[in-house]
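S.K.: Make a model of this:
(2 chains)
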Number of protein chains: 2
Amino acid sequence: MSDNWYIGIDLGGTSVKMAFIDDDAQIIDKWDIKTDTTNDGENIVSDISKSIKSKIEEHQKDKDLIKGIGMGAPGFLEMETGFVYQAVNIGWKNYPLKEELEKSVGLPVIVDNDANIAAIGEMWRGAAEGAKDVLCITLGTGVGGGVIAGGEIIHGVNGMAGEIGHTTAVTDGGVLCNCGKTGCLETVSSATAIRRMAIDGFRDHPESPLKKQYDTNGDISSKDVLDRAKEQDHLAMSVVKKVAFHLGFALASFATTMNPSKIVIGGGVSKAGDTLLDPVKHYFKMYALPRVNEGVEIVPAQLGNDAGVIGGAWLAKTKL
Amino acid sequence: MSDNWYIGIDLGGTSVKMAFIDDDAQIIDKWDIKTDTTNDGENIVSDISKSIKSKIEEHQKDKDLIKGIGMGAPGFLEMETGFVYQAVNIGWKNYPLKEELEKSVGLPVIVDNDANIAAIGEMWRGAAEGAKDVLCITLGTGVGGGVIAGGEIIHGVNGMAGEIGHTTAVTDGGVLCNCGKTGCLETVSSATAIRRMAIDGFRDHPESPLKKQYDTNGDISSKDVLDRAKEQDHLAMSVVKKVAFHLGFALASFATTMNPSKIVIGGGVSKAGDTLLDPVKHYFKMYALPRVNEGVEIVPAQLGNDAGVIGGAWLAKTKL
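M.R.: Below you'll find the model as predicted:
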């Protein structure tokens, strides 16, 4: 075990996850605090700072051995300057995050967006360990993504790289997406979409236990749908097939252009495991170049909620 | 003008293009020789070597001021070692290109594939000058591509990155592609595809002058179709619309995931200019995230046949 520690921070709309992490990506300690979004999030940085200082004291750690902080934040930001243009869920607008956090904690800080640090975490010590060309896609309420090419996280010209959830899956007559477009991959592969597509299917599948569940409980969740698919329910299976078709197609297009060695699928929906992964791989193979298909593994994410803090620590270790 | 020269080589199935290029990407001299594909291409390297040596003599250039050779070759190769696994049009199989050329010319050599060096050329001094995130797509007999992200050419895990021509455009009932799949972007946007789609349209558009041209001359070319589209011929316009739809969709998917600042369209088909580019931009905007669309310019390639040798020189300048 090395003596150097790094601090990984993963800022979300409800909690701030933090961890001390060593050179081998081992978590020494992890904890979280509530995200205080009142007053446009003005207390967040001082809350983080107090919490870190007290944890350093608790561990009786020499501060010189803590090399720096790598932090992920949601929203639009500029990595070079650590300046956050807008983070809607947090309340920040034109907020100099890196500058404020450095002043407050007294350690160097590097900032990237939350989807990117999660991808880096999976590359450092997760499902894509050691891989240099990776796509991480997170199927949750929405669909996010992070792209690593040649071992580096790709930001693109204005920080939008990785938004595979907003590639178009349905070219004509698609459902309205949160982003304002219609027919995005997110509208046919997120947890939200799975629930909606199942409910839309009640007309054609009135016999499905999902309909009974809905009538009894007033709602169903995406997990209900995925569980029923495992039990071979026709409606649930038809929804999974649709999700897998669109995911397989989008991932194949990405892979044929970027030739990754790993595609990591995370987020709540990915917990369906092979029920989802097997048909995704089927469609992927159908639409990808054979040599591209041979070069890639499609795997579930491994780090869960720790991906962000581990990726943050990697940033601090390699970029500061 | 700097005293350092670099040699760019662009190997094709019919000719080898070569140039002396200085630090500012200026071409000092360019020339080409025939590609001798007899005996599995065994004479190509010695032909290149002889030609270069005689040109160095002609220019009375001090060989110490020639820093190295950057070469593009078609087919599958490993950049690190300059080893060519297979180059079908050349005849090479398991050929140590870098090693042989270094031995023969006595200068350091770096090798990449032909689509990639063309993309680099456009990034160094062409349509994407100064851009760090670029897609170059070449619409010729086939459809090739090169991806630059964060200023570096992306190879992927087994050298396939950039094969956007083989992303699937038609998911069901597409035309058979040279790669063995069906419905590839190449089958609906190459010169070959444009000719085929126009001929397929004769039934519905017997009045089109393209049909008369075909009946008179026994054939039509993609250029004929693109020329007629400029003259508002309905059949030709319907073909261009189809090409533009598929290109706009594929480019938008790429851009939403990689967020480039430039998309450079080259190859014979791109000579149609705005007749093609305007509808491509229309569909691109329809299918890309607004912020992605704002960040990118879709532009015609500038360097034509010189892109490869200029990109080769950049490789020699920056990577040797």
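
S.K.: quick one: low-confidence ranges for the stretch 1-150 of chain A?
M.R.: Along the stretch 1-150 of chain A, segments meeting pLDDT under 70 span A:1-2.

S.K.: so where do the helices sit in it?
M.R.: A:38-41, A:44-58, A:97-105, A:114-125 (DSSP state H, counting those that start in this stretch).

S.K.: Would you agree residue A:152 is in contact with residue B:133?
M.R.: No - using C-beta atoms under 8 Å, residue A:152 is not in contact with residue B:133, being 11.9 Å away. All C-beta atoms are positioned from the backbone trio N, CA, C, and that covers glycine.

S.K.: For the helices of the stretch 1-150 of chain A, give me a markdown table that also has distance to chain B.
M.R.: Below are the helices of the stretch 1-150 of chain A laid out as a markdown table (distance: least, C-beta to the nearest C-beta, whole Å):
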| stretch | distance to chain B |
| --- | --- |
| helix A:38-41 | 22 |
| helix A:44-58 | 25 |
| helix A:97-105 | 20 |
| helix A:114-125 | 12 |
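
S.K.: Where does the stretch 201-320 of chain A get nearest to chain B, which residue?
M.R.: residue A:259 (2.3 Å; C-beta to the nearest C-beta).

S.K.: ok so, going back, what do residue A:152 and residue B:133 both touch?
M.R.: B:149-150 (C-beta atoms under 8 Å, 6 or more residues apart in numbering or on different chains).

S.K.: hmm, back to that, what's the neighbour count on the residue of the stretch 201-320 of chain A closest to chain B?
M.R.: Close neighbours of residue A:259, defined as other C-beta atoms under 10 Å in any protein chain shown, add up to 26.

S.K.: Ok, the one 4 residues further on next?
M.R.: If you count neighbours by other C-beta under 10 Å, residue A:263 ends up with 26.

S.K.: Nearest residue to the residue in the stretch 51-200 of chain A that chain B sits nearest to in space, ignoring adjacent ones along the chain?
M.R.: Per C-beta to the nearest C-beta, residue A:156 is where the stretch 51-200 of chain A lies closest to chain B, at 2.3 Å. Among residues not flanking residue A:156 along the chain, residue B:259 sits closest, at 2.3 Å (C-beta to C-beta, 6 or more residues apart in numbering or on different chains).

S.K.: Could you report the distance from residue A:184 to residue A:177?
M.R.: Residue A:184 sits 4 Å away from residue A:177 when distances are taken as C-beta to C-beta, to the nearest Å.

S.K.: Tell me which of those two has more neighbours.
M.R.: Set residue A:184 next to residue A:177 and count neighbours by other C-beta under 10 Å: residue A:184 wins out with 32 against 23.

S.K.: isn't that one right next to residue A:168, touching?
M.R.: Yes - using C-beta under 8 Å, residue A:184 is in contact with residue A:168, at 6.3 Å.

S.K.: Mutual contacts of the two, please.
M.R.: Common neighbours of residue A:184 and residue A:168 (C-beta under 8 Å, 6+ apart) are residue A:174.

S.K.: For the longest helix belonging to chain A, list every residue counted as buried.
M.R.: The longest helix of chain A (DSSP state H) is helix A:234-258. Neighbour counts using 16 or more other C-beta atoms under 10 Å in any protein chain shown place A:235-240, A:242-258 of helix A:234-258 among the buried residues.

S.K.: what's the following helix or strand after that helix?
M.R.: Going down the chain from helix A:234-258, the next helix or strand is strand A:262-266, by DSSP states H and E.

S.K.: Residues contacting that following strand from elsewhere in the structure, which ones?
M.R.: A:118-119, A:122, A:126-128, A:131, A:133-139, A:251, A:254-255, A:276-277, A:280, A:296-301, A:304, A:307.

S.K.: Let's see that with 7 Å instead.
M.R.: With contacts defined as C-beta atoms under 7 Å, 6 or more residues apart in numbering or on different chains, strand A:262-266 is touched by A:122, A:127-128, A:131, A:134-139, A:251, A:255, A:277, A:296-301.

S.K.: Among those residues, which ones are in strands?
M.R.: Using DSSP state E, the subset of the contacts of strand A:262-266 located in strands is A:134-139, A:297-300.

S.K.: Give the PyMOL command for selecting the buried subset of the residues you listed.
M.R.: Buried subset of the ones in strands among the contacts of strand A:262-266, written as a PyMOL selection, criterion 16+ other C-beta under 10 Å:
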select buried, chain A and resi 134+135+136+137+138+139+298+299+300
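
S.K.: can you put the ones in strands among the contacts of strand A:262-266 in a markdown table and add distance to chain B?
M.R.: A markdown table is the format used below for the ones in strands among the contacts of strand A:262-266 (distance: C-beta to the nearest C-beta, whole Å):
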| residue | distance to chain B |
| --- | --- |
| A:134 | 10 |
| A:135 | 8 |
| A:136 | 12 |
| A:137 | 10 |
| A:138 | 14 |
| A:139 | 15 |
| A:297 | 10 |
| A:298 | 13 |
| A:299 | 14 |
| A:300 | 19 |
